[in-house]
Each structure stands twice: as structure tokens, then as C-alpha cells.
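1. Sequence plus the predicted model coming up.
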Amino acid sequence: MISLDYGDLLRYATDILLVTYVIYKLIMLIRGTRAVQLLKGVMLIIATWLLSKYFQLTTLHWLMSQAFTFGVLAVVIIFQPELRRALEQLGRGKLFSRSSGTQDEDSVSRVVQEVCKSVTYMAKRRIGALIVIERETGLNDYVETGIGINGRVSSELLINIFIPNTPLHDGAVIMRKDVILAAACYLPLSENNSISKELGTRHRAAIGLSEVSDGISIIVSEETGQVSFAANGDMNRNLTEAQLAEMLTEKLQPLSKGKSMGSRWQWRRKHG
């Protein structure tokens, strides 16, 4: 029987806690990017390999083993942006900084009020705009394509960003909680052929982002002044200020409170 003294137990406990903490911080780092979906795929491959080994599925087990052989190189290539960001944050001492993803009701109310006020102003004057609000899936990859702002949201700031012929009016504004992270950001365009041909680049970018993340987008058309809302690959068009405020509140408030509101949007018009 192996006996462990107090010093050994303390050393093993410290080792386990440190490894757990590092893994937790790495997961939080990946959570802020699209790599979380890729990580799920990696976990599925590992699970398949374990099951094939347990049930002695020779061919499948061989295929999974070959995938592991080249897996290290594939991981380095696929996660290259995240690895670069992790090293940069480590150099700046930010990798292990404390962060919070919660948003209270007062913050949600303020975001809804400021966004709706700015959108209403721009819609009346047909000023084109694209505002993205991050939710659970991080949008750091897209934030880095724009110009950093890191300013508290206000209707005045949003309006000034999208004034025509200003340096930041092209592209999207990306927000995290009540902070405007960046402007002039590039978003992925949707390749869905069922989208109405009358929709422009802003609308396609908004739908494209909603197809690869749970972020929500508000679009103001510079041709018609119509306000649209994109989420989960769908788009609601020609919204009033009250409808936009209600939809924003539904998406941004805690999920336990928002689930009961989903059935209220029977007037939804998908993709126009």
C-alpha cells in the first residue's frame, strides 16, 4: 500500500488546481472566438475514437487514429489566430485577468434605450447603419478587423459613427454589453440564395453573422430608412421603435426570462 505524507498531498493538490485553472482560462479565451465550434468538433472526434476502440470497430478506429496523427498540425493551423492572441495577451499580462460576462437589467435597459434612440434618428434621415451586439459566442475575430473604440454606448456616439463620409461609417459597429468595442468591422456575408435580392450588403452581412454566431444585428437601410433585426439566420424587417425595443430586450435579458416571449413574434417575415 502506497502511503502519502502531508507534503505529497499538498503538492498533488496544488498541481491539480494549477492545471485546472490554466485549462479554465484557455477555455474562456477560446469562448471569445469562433474556435469554440471547432473545439466541439475535436471533442466529437475524440469521443468517436474512444467508442470505436471500446466496441472494437477496427476500420473506424484506424481512421480516427490517422486523424490524430495529423491532428497536432491541424490544430496549430486552425487555432492559429487564437494561439497568437493568447501569446499577445500573455505578453501584456491579460491572459489571466478577471472578466465578467454578466449583464444586469439596468445595463440591458440602457443599451436598448440608446440603440433604439440612435436607430430611430438614423432611420428618419436614411443614414445607413449596422450595429452588432455580442451575446454568448465571442466576436473577437471580427472586432479585430475594425477600429477599436472601447467607449460606453450612447445614441450620440452611434449616430456620429455612421454619419456619411466619416472614416468609420463603413462596416459594422460591434458591442459587448454596454460597450462599443469597435467600428468599421468586416462581417461574413451570407451565401443563402433565398435572401431577397433587394437586400444590400449590410443586410447580407447581418444575416451572415447570425448564421455563424448567436450575435444580433440591427440594420438601417440608407435607401428606404427601414429598420431590420437579424438573429439566428432570420431577419425581421420594417420594424417600429417599439418592436425593435421589445426584440432587443427579449434577446439581451437573461435567457430564463426571455424564453416565454418567443411565441409573440407571429408577424415575423423571414428574409423579407
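-> Thanks, I have it.
2. Are there helices or strands packed against the stretch of helix or strand residue 116 belongs to, and which ones?
-> Assigned by DSSP states H and E, residue 116 belongs to helix 105-124. Judged by 3 or more Cβ pairs under 8 Å, 6 or more residues apart in numbering; DSSP states H and E, helix 105-124 is in contact with strand 129-134, helix 155-162, strand 216-220, strand 227-231, helix 241-252. C-betas here are computed from N, CA, C, even on glycine.
3. what packs against the fourth one?
-> Contact here means 3+ Cβ pairs under 8 Å, 6+ apart; on that basis strand 227-231 packs against helix 105-124, helix 201-212, strand 216-220, strand 234-236, helix 241-252.
4. Tell me the buried residues in the longest one?
-> Which is helix 105-124. Neighbour counts over helix 105-124 (16 or more other Cβ atoms under 10 Å) mark 108, 110-112, 114-123 as buried.
5. pLDDT added to those, as CSV?
-> Listed next are these as CSV, based on pLDDT from 0 to 100:
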residue, pLDDT
108, 92
110, 93
111, 95
112, 96
114, 97
115, 97
116, 97
117, 97
118, 97
119, 97
120, 97
121, 97
122, 97
123, 97
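6. Take those and write them to CSV, including distance to residue 17.
-> Converted to CSV, those look like this (distance: Cβ to Cβ, whole Å):
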residue, distance to residue 17
108, 35
110, 38
111, 37
112, 41
114, 42
115, 42
116, 46
117, 48
118, 46
119, 47
120, 51
121, 52
122, 51
123, 53
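7. And the contacts of the helix holding residue 116?
-> With contacts defined as Cβ atoms under 8 Å, 6 or more residues apart in numbering, helix 105-124 is touched by 127-129, 131, 133, 153-156, 158-159, 162, 175, 177-178, 218, 220, 225-227, 241, 244-245, 248-249, 252-253.
8. From those, list the buried ones, please.
-> If we count by 16+ other Cβ under 10 Å, the contacts of helix 105-124 have these buried: 127-129, 131, 133, 153-155, 158-159, 162, 175, 177-178, 218, 220, 227, 244-245, 248-249, 252-253.
9. Mind checking the helices and strands packed on strand 227-231 for the one nearest to residue 171?
-> Distance to residue 171, taken as Cβ to Cβ, is lowest for helix 201-212 among the helices and strands packed on strand 227-231, at 8.6 Å.
10. so which of the helices and strands packed on helix 105-124 comes closest to residue 195?
-> Residue 195 lies closest to strand 227-231 among the helices and strands packed on helix 105-124, at 10.6 Å (Cβ to Cβ).
11. chain center to the closest one: distance?
-> In terms of Cα atoms, centre = their mean, to the nearest Å, the centre of strand 227-231 is set 16 Å apart from its chain centre.
12. Kindly report the same for stretch 40-53.
-> Using Cα atoms, centre = their mean, the mean C-alpha position of stretch 40-53 is found 26 Å from that of the whole chain.
13. now could you export just the CA positions of that stretch as PDB?
-> C-alpha atoms of stretch 40-53 as PDB (Å, rounded to 0.1, in the frame of the first residue of the first chain):
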ATOM      1  CA  LYS A  40     -16.700  20.800 -30.300                       C
ATOM      2  CA  GLY A  41     -15.700  19.000 -33.500                       C
ATOM      3  CA  VAL A  42     -12.400  17.900 -31.900                       C
ATOM      4  CA  MET A  43     -14.200  16.600 -28.900                       C
ATOM      5  CA  LEU A  44     -16.600  14.600 -31.200                       C
ATOM      6  CA  ILE A  45     -13.600  13.000 -32.900                       C
ATOM      7  CA  ILE A  46     -12.100  12.000 -29.600                       C
ATOM      8  CA  ALA A  47     -15.400  10.500 -28.400                       C
ATOM      9  CA  THR A  48     -15.700   8.600 -31.700                       C
ATOM     10  CA  TRP A  49     -12.100   7.300 -31.300                       C
ATOM     11  CA  LEU A  50     -12.900   6.100 -27.700                       C
ATOM     12  CA  LEU A  51     -16.200   4.400 -28.800                       C
ATOM     13  CA  SER A  52     -14.500   2.700 -31.800                       C
ATOM     14  CA  LYS A  53     -11.800   1.300 -29.500                       C
END
